[in-house]
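Asker: Starting from these lines, generate the structure:
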Amino acid sequence: MTSTANGPASGARAAHPDHLGHVIFITAAAAMGGFLFGYDSSVINGAVEAVRDRYDVGSGTLAQVIAIALIGCAIGAATAGRIADRIGRIRCMQIASVLFTASAIGSALPFTLWDLAMWRIIGGFAIGMASVIGPAYIAEVSPPAYRGRLGSFQQAAIVIGIAVSQLVNYTILQVADGDQRGDILGLEAWQWMLGVEVIPAILYGLLSFAIPESPRFLISVGKKAEARKILEDVEGKSIDLDARVAEIETAMHSEHKPVFKDLLGNRFFFLPIVWVGIGLSMFQQFVGINVAFYYSATLWQSVGIDPTDSFFYSFTTSIINIIGTVIAMVLVDRVGRRPLALVGSIGMAIALAVEAWAFSADLVDGKLPTTEGAVALIAAHTFVLFFAMSWGVVVWVFLGEMFPNRLRAAALGVAVFAQWIANWAITASFPSLADWNLSGTYIIYTCFAVLSIPFVLKFVKETKGKALEEMG
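Answerer: As a prediction, the model looks like this:
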């Protein structure tokens, strides 16, 4: 690849699209997969007690049915990369849209508990695909100068999806007079909660027909003229388009389509860069972020906060999550990925340690003492803020751009697979850990936040402003 001291000879680093709004539309459309990711991940929480009552099952069985979607997520994440490299990013989005739609309809109209579980696995597979394809596609169509902010759209869409699902569930519950099994037009309230997802699922599919294929995929299958046109649209006419196509083509022709064995190293199974991606993914989950979204209402009720207030605090957590994500979107291309990650790790470690201290207090009449209760609420919101403005965004940005072209899709699939396994481990273990010792559980999360600091300092390299062809 021809380059200069200032970057690739084509001028890719300084590329500015002639119509930034068009690039933003493309990014937002692709990020609809992230919206569905967030929505589908959290919507089931509004239906848990109704499903338990309707099918008369114990907590253990119910937990397996709810968590089984994460198995589908892991499989979808592990296979999406290879599928995308064979049939393209857009076709993957369309497949995910169909699976999201089928899952929404099937989950809303189950015959038994076990076919509900099957539909949840299918929805999980779609989430896994979206979690890989979204950041990869966005990274590949974004000009380097804007890639961090545009890459942040994925996480922004996820957190908005979480918040919208909570609002939809709450609205449906109000229509049903507060009864999850209340009748609304012949269906129970919880069925409507799961079924409403069909609307954004169809919208995702329709939007996928309005955006272009990744220019890097097109070049990989010999469609250079189409790729050149798309590069002109998303990177502008100021760059040398022929040189830009040649740079990408040279990088790809010196490589071959990634397969799993390409990720393997000589000494430690995977190549070092793949381990860094896995580490980022697992640290993102091991700080316990999903406890704040999957179990927050249950958590606050367990320390004496009434159900209505616990729902309110769950919703305010989602709002803080959105605010933090917006902060990260503003800063990620200005201050860089690594500084945000380090600030986030320090802030999360302090907030989690304070939560651990607050939860160590003895309950009085089933409640935390006033001081400890207030401190716990403030610390929980602070933790979510620091996560959202750092690891919530920068991990997705890193994963979308840190791998060499020849490895990107496959390595991203492995990293996100690891993320889903870590997600499952935290989600499945929290109830038992909390029963053992709630304060001790938060000490464990604090330790992971602290360990993430030397991990970033030693192993994670800054990717701000670099063209994708410079990675690796």
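Asker: helices and strands around the helix or strand hosting residue 313, which ones?
Answerer: Element membership of residue 313, judged by DSSP states H and E, is helix 307-331. Judged by 3 or more C-beta pairs under 8 Å, 6 or more residues apart in numbering; DSSP states H and E, helix 307-331 is in contact with helix 147-175, helix 289-294, helix 296-302, helix 370-388, helix 391-401. (C-beta placed from N, C-alpha, C; glycine too.)
Asker: Buried residues, that helix. List them.
Answerer: Neighbour-count burial for helix 307-331 flags 310-311, 313-315, 317-318, 320-321, 324-329, 331 (criterion: 16 or more other C-beta atoms under 10 Å).
Asker: picking up where we left off before, where among the helices and strands packed on helix 307-331 is average confidence lowest?
Answerer: Lowest mean pLDDT within the helices and strands packed on helix 307-331: helix 296-302, a mean of 67.
Asker: now the stretch 151-300 of the chain, which segments are flagged as low pLDDT?
Answerer: Across the stretch 151-300 of the chain, the ranges flagged by pLDDT under 70 are 251-268, 294-295, 297-298.
Asker: ok, back up a step: next secondary structure after the helix holding residue 313?
Answerer: helix 337-359.
Asker: Mind giving me the packing neighbours of that next one?
Answerer: For helix 337-359, the packing partners by 3+ C-beta pairs under 8 Å, 6+ apart come out as helix 370-388, helix 391-401, helix 408-459.
Asker: now, of the ones you listed, which is deepest in the fold?
Answerer: Comparing the helices and strands packed on helix 337-359 by mean neighbour count (mean count of other C-beta atoms under 10 Å), helix 391-401 ranks first with a mean of 28.
Asker: Can you name every helix or strand that that helix contacts?
Answerer: Right, helix 391-401 is packed against helix 113-141, helix 147-175, helix 272-286, helix 307-331, helix 337-359, helix 408-459 by 3+ C-beta pairs under 8 Å, 6+ apart.
Asker: Apart from its chain neighbours, what residue comes closest to residue 62?
Answerer: Using C-beta to C-beta, 6 or more residues apart in numbering and skipping the chain neighbours, the partner closest in space to residue 62 is residue 52 (5.1 Å).
Asker: Against which helices or strands is the helix or strand harbouring that neighbour packed?
Answerer: In the assignment (DSSP H and E), residue 52 maps to helix 48-55. Identification of packing neighbours for helix 48-55 by 3+ C-beta pairs under 8 Å, 6+ apart yields helix 59-67, helix 113-141, helix 189-195.
Asker: Can you list the neighbours in contact with it?
Answerer: Helix 48-55 is contacted from outside by 57, 59, 62, 65-66, 112-113, 116, 180-181, 188-190, using C-beta atoms under 8 Å, 6 or more residues apart in numbering.
Asker: May I see those residues organised as JSON lines, with neighbour count added?
Answerer: As requested, these are exported to JSON lines (neighbours: other C-beta atoms under 10 Å):
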{"residue": "57", "neighbour count": "15"}
{"residue": "59", "neighbour count": "10"}
{"residue": "62", "neighbour count": "16"}
{"residue": "65", "neighbour count": "20"}
{"residue": "66", "neighbour count": "21"}
{"residue": "112", "neighbour count": "9"}
{"residue": "113", "neighbour count": "16"}
{"residue": "116", "neighbour count": "23"}
{"residue": "180", "neighbour count": "22"}
{"residue": "181", "neighbour count": "15"}
{"residue": "188", "neighbour count": "20"}
{"residue": "189", "neighbour count": "23"}
{"residue": "190", "neighbour count": "28"}
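Asker: so which of those would you say is closest to residue 364?
Answerer: residue 59 (26.9 Å; C-beta to C-beta).
Asker: Measure how far stretch 367-385 is from the centre of its chain, please.
Answerer: Offset of stretch 367-385 from its chain centre (C-alpha atoms, centre = their mean, to the nearest Å): 26 Å.
Asker: typed the wrong thing, it's stretch 356-369
Answerer: 33 Å.
Asker: outside of it, which residues touch it?
Answerer: 303-305, 372-373, 375-376, 379, 438-440, 442-443, 446.
Asker: Pull up the distance across that stretch, start to finish.
Answerer: 14 Å (C-alpha to C-alpha, to the nearest Å).
Asker: Can you give me the distance of the residue sitting furthest away from the middle of the chain to residue 439?
Answerer: Distance from the centre of the chain peaks at residue 365, with 38.8 Å (C-alpha atoms, centre = their mean). From residue 365 over to residue 439 the distance is 19 Å, taken as C-beta to C-beta, to the nearest Å.
Asker: ditto for residue 138
Answerer: 40 Å.
Asker: Check residue 379 too.
Answerer: For residue 379, the distance to residue 439 - C-beta to C-beta - is 12 Å.
Asker: Residues that sit against both of the two, list them.
Answerer: In contact with both residue 379 and residue 439: no residue, using C-beta under 8 Å, 6+ apart.
Asker: Now for residue 83, which secondary structure element holds it?
Answerer: Applying DSSP H and E, one finds residue 83 within helix 69-87.
Asker: Does anything pack onto the helix or strand that that helix is followed by? Which helices or strands?
Answerer: Using DSSP H and E, the helix or strand that follows helix 69-87 in sequence is helix 89-108. In terms of contacts (3+ C-beta pairs under 8 Å, 6+ apart), helix 89-108 is packed against helix 20-43, helix 69-87, helix 113-141, helix 189-195, helix 198-208.
Asker: And those helices: which comes nearest residue 413?
Answerer: Here helix 69-87 is closest among the helices and strands packed on helix 89-108 (C-beta to C-beta), at 3.3 Å.
Asker: Just want the angle from that closest one to helix 113-141.
Answerer: 40 degrees (axes from the mean of the first three to the mean of the last three C-alpha atoms, to 10 degrees).
Asker: list the buried ones in helix 69-87?
Answerer: Buried, per 16+ other C-beta under 10 Å, within helix 69-87: 69-85.
Asker: now swap in stretch 181-194 and tell me
Answerer: 182, 188-194.
Asker: Quick one: end-to-end distance for it.
Answerer: For stretch 181-194, the end-to-end distance is 13 Å (C-alpha to C-alpha).
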